[in-house]
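Enquirer: this is a predicted model, with the sequence first.
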Amino acid sequence: MIESDGSSREGDNDQLQQSMNAEKRAHHNALERKRRDHIKGSFSDLRDAVPSLKGEKASRAH
């Protein structure tokens, strides 16, 4: 719908929706990065707690 000032509500809604989606995606990415860092830290702590693995570098999954 075209408003009296020439703007489009539909266009504004699309921009708002895209902005909200970008914010949600950025927030989700930050949470996922935090989760992965926590898991990585937990594995590091576990590796340091096992005497036979102390100081050994973790292998990478392929």
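Expert: Right, received. Where do you want to start?

Enquirer: in terms of helices and strands, where is the residue nearest the centre of the chain?
Expert: In the chain, the C-alpha nearest the mean C-alpha coordinate belongs to Asn29, at 1.0 Å (Cα atoms, centre = their mean). Secondary structure from DSSP states H and E places Asn29 in helix 9-49.

Enquirer: so what does that helix touch, helix or strand wise?
Expert: Helices and strands touching helix 9-49, by 3 or more Cβ pairs under 8 Å, 6 or more residues apart in numbering; DSSP states H and E: there are none. Glycine gets a C-beta too; all of them are placed from N, C-alpha and C.

Enquirer: just give the closest residue to Phe43, not the sequence neighbours.
Expert: Ala58 (6.5 Å; Cβ to Cβ, 6 or more residues apart in numbering).

Enquirer: and the one you found, what does it touch?
Expert: Phe43, Ser44, Arg47 (Cβ atoms under 8 Å, 6 or more residues apart in numbering).
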